[in-house]
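A.B. asks: give me the fold of what follows.
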Amino acid sequence: MSSSARPMVAAAAPAPAGGDWTVVRRRSRRRGDAARDTASQPDAPPPLPVNPIPWAPSDPSLDPARVSRLLDRARAAISRVAASRLYGRLLLPDSPLRRRLSLFAPTRLSLLGVGSFESSHSSRLQLALAALLRRDLLLPPESSAHAELFDPVLSAAECAAAAALGFSVPDVNDGCRRRADEPTLFYMPHCEASLYDALLAANWEHPSRLRRVCVLGNSFRNYATQAEENRSGPAAKAKHVLAAERFAWEQRVDETGGVDDDDDVFARAFNETSWHFFEVDDAVDLAATVTATAASTGGWR
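C.D. replies: Numbers count the residues shown, from 1 in each chain. Reported below is the predicted structural model:
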């Protein structure tokens with residue numbers, strides 16, 4: 001993780017050009033939750049920064065009333081997700097997922113690509129899930145230094161609210177190239193395949209490092225299917241995602257809704273979301289695995 005991570009609570013200059021991530025979901029988008037389909041998205045995402053670049057919110061407004069309203073809405077979302085069937089089933093005692101999480105024993109949580117949780121209900125629900133996972137999974141749970149949140153679209157008010165909820169916000173954009181120096185849960189809701197690929201590439205040097213990564217995000221199986229159907233599409237270019245799918249243990253999240261049975265709201269936030277653990281032996285040659293995957297899919301364009 002970046003040693004420059006810190007809570008952002010002060011007004012700041014606009015973000016540098018070229019730092020945006022493209023973040024989409026199958027049934028909604030964060031900015032207004034407009035309908036959008038990941039599988040049919042034709043355009044490749046913009047290039048990610050190869051090296052970390054300075055970042056600051058483009059909206060520096062820190063009106064205390066605005067931050068307070070945002071915190072109230074975020075806490076209401078946390079209560080709603082906590083009471084939902086989705087969360088009740090997510091961490092069932094003695095379930096295969098709970099056993100794997102216990103063995104993985106995450107000590108850090110990184111929420112990447114959450115979008116604007118001020119303007120998007122889906123993003124607030126995703127932030128709520130991250131807050132609950134931080135509370136119930138992280139060791140030790142009381143340390144805010146062990147949880148961070150980032151998206152280039154965040155405002156200063158959102159950074160201040162995130163800090164109040166126990167998340168730090170980095171002051172650099174590393175394009176998701178995060179090294180897992182300790183067992184880390186990366187929650188990346190509905191990100192582009194290129195962002196998952198950047199994360200895996202940063203941890204591809206040895207199986208022991210890759211085993212420190214747990215990804216909660218878009219299904220790698222679905223990306224493999226998309227790559228088979230469209231050899232020149234964005235999924236087919238995510239070579240580390242396709243290679244990792246060979247030895248990933250994946251479990252789909254049950255996206256059933258909350259206590260008020262508003263399942264569609266939860267489906268928009270959590271559709272096609274899966275847990276991924278990487279069960280790779282020390283003897284595996286990860287570089288060769290990428291090469292073999294390229295050969296089996298006809299290479300990447």
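A.B. asks: show me the shaky parts of the chain.
C.D. replies: Within the chain, the ranges that satisfy pLDDT under 70 run 1-48, 140-145, 256-263, 297-301.
A.B. asks: can you pull out the helices in it?
C.D. replies: Taking DSSP state H as the criterion, the chain carries its helices at 64-82, 85-90, 96-104, 121-137, 156-164, 193-202, 207-210, 220-229, 239-244, 263-270, 286-296.
A.B. asks: list the helices and strands the longest one packs on?
C.D. replies: In terms of contact count using 3 or more CB pairs under 8 Å, 6 or more residues apart in numbering; DSSP states H and E, helix 64-82 is assigned the packing partners helix 121-137, helix 156-164. All C-beta spots, glycine's among them, are computed from the backbone N, C-alpha and C.
A.B. asks: for those helices, which one sits closest to Ala56?
C.D. replies: Closest approach to Ala56 among the helices and strands packed on helix 64-82 is made by helix 156-164 (8.2 Å; CB to CB).
A.B. asks: contacts only, for the residue most central in space within the chain.
C.D. replies: The residue lying closest to the centre of the chain (CA atoms, centre = their mean) is Met188, at 1.0 Å. Contacts for Met188 (CB atoms under 8 Å, 6 or more residues apart in numbering) come out as 111-113, 176, 195-196, 199, 215-218.
A.B. asks: distance of the nearest residue to it once chain neighbours are set aside from Leu195?
C.D. replies: In this structure, Met188 finds its nearest non-sequential neighbour in Gly217, 3.9 Å apart by CB to CB, 6 or more residues apart in numbering. To Leu195, Gly217 is 9 Å away according to CB to CB, to the nearest Å.
A.B. asks: more crowded one of the two?
C.D. replies: The neighbour count for Gly217 versus Leu195, taken as other CB atoms under 10 Å, is higher for Leu195 (25 against 22).
A.B. asks: how many neighbours does the closest residue to the more buried one other than its chain neighbours have?
C.D. replies: Counting by CB to CB, 6+ apart, Leu195 lies nearest to Cys176, which is 4.4 Å off, once chain neighbours are set aside. Neighbour count for Cys176, taken as other CB under 10 Å: 25.
A.B. asks: wait, doesn't Cys176 sit right on Leu199?
C.D. replies: Yes: applying CB atoms under 8 Å, one finds Cys176 in contact with Leu199, separated by 4.8 Å.
A.B. asks: what's the overlap in contacts for those two?
C.D. replies: Taking CB under 8 Å, 6+ apart as the criterion, Cys176 and Leu199 both touch 112, 188.
A.B. asks: how close does the closest residue to Tyr87 other than its chain neighbours get to Lys237?
C.D. replies: Among residues not flanking Tyr87 along the chain, Val81 sits closest, at 5.4 Å (CB to CB, 6+ apart). Between Val81 and Lys237 the computed distance is 33 Å (CB to CB).
A.B. asks: so which of these two has more stuff around it?
C.D. replies: Higher neighbour count among Val81 and Lys237: Val81, with 24 against 18, using other CB under 10 Å.
A.B. asks: name all residues that make contact with that one.
C.D. replies: Contacts for Val81 (CB under 8 Å, 6+ apart) come out as 87, 125, 128-129, 132, 258.
A.B. asks: cool, Arg246 as well?
C.D. replies: Contacts of Arg246 (CB under 8 Å, 6+ apart): 289, 293.
A.B. asks: repeat that for the one 4 residues further on.
C.D. replies: Taking CB under 8 Å, 6+ apart, we find Glu250 in contact with 219-221, 274-276.
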